[in-house]
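Undergrad: Below are the sequence and a predicted model for it; my questions follow.
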Amino acid sequence: MMNDELQHLKNLGKTSAQWLHAVGIHSASDLRRLGAVDAYRAVRTRGFRASKVLLYAIEGALMDVHWNDIPTERKEALNRQLEAISVHQKN
């Protein structure tokens, strides 16, 4: 992909963009539609070794802020969402 829209988003580099493409996310609107938690889960489910930073990076990309500048409460909310889904899947 020559003009990779994902790589132009804040926080997302070549590797993150490749992971997102691999799970069928090709644009900012795809990312927005799915949301940070589901996009991160999709990447992890494919077996990519993405760290929690990717979750924050995606959220930051959607908010157009550096992932480090995401408020702590927002990060905690993302983690709760992620855990709620994981727990739900185990049952």
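TA: Received, thanks. Residues are numbered from 1 along each chain as shown.

Undergrad: Not counting the helix or strand where residue 18 lies itself, show me its contacts.
TA: Remark: residue 18 resides in helix 14-22, with elements defined by DSSP states H and E. Outside helix 14-22, the residues that touch it by C-beta atoms under 8 Å, 6 or more residues apart in numbering are 1, 4, 6-7, 12, 26, 30-31, 39, 43, 46, 48, 50, 54, 57-58. Backbone N, C-alpha and C define where each C-beta goes, glycine included.

Undergrad: Kindly recompute the last result at 10 Å.
TA: With contact meaning C-beta atoms under 10 Å, 6 or more residues apart in numbering, helix 14-22 is reached by 1, 4-9, 12, 25-27, 30-31, 34, 39-40, 42-44, 46-50, 53-54, 57-58, 61.

Undergrad: Quick one: name whatever helix or strand follows that helix.
TA: Using DSSP H and E, the helix or strand that follows helix 14-22 towards the C-terminus is helix 28-34.

Undergrad: For residue 59, list the residues it contacts.
TA: Contacts of residue 59 by C-beta under 10 Å, 6+ apart are 11, 31, 35-37, 39-40, 65, 67, 70, 74-75, 77-78.

Undergrad: how about TSV for those, with secondary structure, pLDDT and neighbour count added?
TA: Converted to TSV, those look like this (DSSP: H, G, I helix; E, B strand; the rest coil; pLDDT from 0 to 100; neighbours: other C-beta atoms under 10 Å):
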residue	secondary structure	pLDDT	neighbour count
11	coil	97	21
31	helix	97	22
35	coil	97	15
36	helix	98	24
37	helix	97	20
39	helix	98	25
40	helix	98	26
65	coil	97	15
67	helix	98	20
70	coil	98	20
74	helix	98	15
75	helix	98	16
77	helix	98	14
78	helix	98	20
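
Undergrad: Buried subset of the contacts of helix 14-22 as a PyMOL selection?
TA: Buried residues among the contacts of helix 14-22 (16 or more other C-beta atoms under 10 Å), as a PyMOL selection:
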select buried, resi 4+6+9+12+25+30+31+34+39+40+42+43+44+48+50+54+57+58+61
